[in-house]
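Trainee: sequence and predicted model, in that order:
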Amino acid sequence: SQQGEEDPQALSIQEGENATMNCSYKTSINNLQWYRQNSGRGLVHLILIRSNEREKHSGRLRVTLDTSKKSSSLLITASRAADTASYFCATDSYGNNRLAFGKGNQVVVIP
Amino acid sequence: DAGVIQSPRHEVTEMGQEVTLRCKPISGHDYLFWYRQTMMRGLELLIYFNNNVPIDDSGMPEDRFSAKMPNASFSTLKIQPSEPRDSAVYFCASSSTGGNSPLHFGNGTRLTVT
């Protein structure tokens, strides 16, 4: 069964604004990953956060992980039109290579 | 590195026909995954290989689906016979250490079965 579940809301924001997406999961995990998918393309890995980490940064991306609440958030700061895409979280369980993806969260950045 | 390469990019076939999707993983990656993406069900893991050996095929929907990895640089996903409900985008992905490392996806094969 899929674990990662993003908030189903689509986001439409102005260029320069911040975009925040949330993801919840159900069971214990080893790590949580975020991916981006542009229309008609494959998924591109953005960031991986391990279960013993609480926050991670990569460029304009900030990911938090709260294992007590079984949730994660992805923040994109100073958004650009090129950030328009669907964003997925994915989780694995300990000892399990089955990376389970959520349904995705569509973000539209208006220039 | 050329990344994960999938072919064909698009496939249109009639119900009952055999369909073969192909994938070349990134060199040196020991894990290969096949996913299917639809609007209704999202991304579903069909099967994954480790060192060319199928490890978990519990996501393969029916006996009509089969996957092989004859060597470290090539994998196929076959559907025989195909049905309209198989219409989806099929992705191949590879990684160095399975679920503990980032997956590198190909651009997918969009399959339409009429």
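Mentor: Received, thanks.
Trainee: residue ranges with poor pLDDT in the chain?
Mentor: Just going to use chain A. Residue ranges of chain A with pLDDT under 70: A:1-9, A:94-95.
Trainee: the intended chain is chain B.
Mentor: For chain B (pLDDT under 70), the answer is B:1.
Trainee: how about the helices in it?
Mentor: For chain B, no helices are identified by DSSP state H.
Trainee: who's in contact with the residue sitting nearest the centre point of chain B?
Mentor: Nearest to the mean C-alpha position of chain B, by C-alpha atoms, centre = their mean, lies residue B:34 at 3.3 Å. When contacts are counted by C-beta atoms under 8 Å, 6 or more residues apart in numbering or on different chains, residue B:34 touches B:23, B:45, B:46, B:47, B:48, B:67, B:75, B:77, B:90, B:91, B:92. Where C-beta positions appear, they are placed from N, C-alpha and C, glycine not excepted.
Trainee: residue A:34 now?
Mentor: For residue A:34, the contacting residues are A:23, A:45, A:46, A:47, A:61, A:63, A:72, A:74, A:87, A:88, A:89, A:90, by C-beta under 8 Å, 6+ apart.
Trainee: distance of the residue nearest to the third one when sequence neighbours are not counted relative to chain B?
Mentor: What it means is residue A:46. Spatial nearest neighbour of residue A:46, chain neighbours left out: residue A:34 (4.5 Å); criterion: C-beta to C-beta, 6 or more residues apart in numbering or on different chains. Relative to chain B, residue A:34 is positioned 10 Å away (C-beta to the nearest C-beta, to the nearest Å).
Trainee: just give me how far stretch A:57-75 sits from the chain centre.
Mentor: Offset of stretch A:57-75 from its chain centre (C-alpha atoms, centre = their mean, to the nearest Å): 8 Å.
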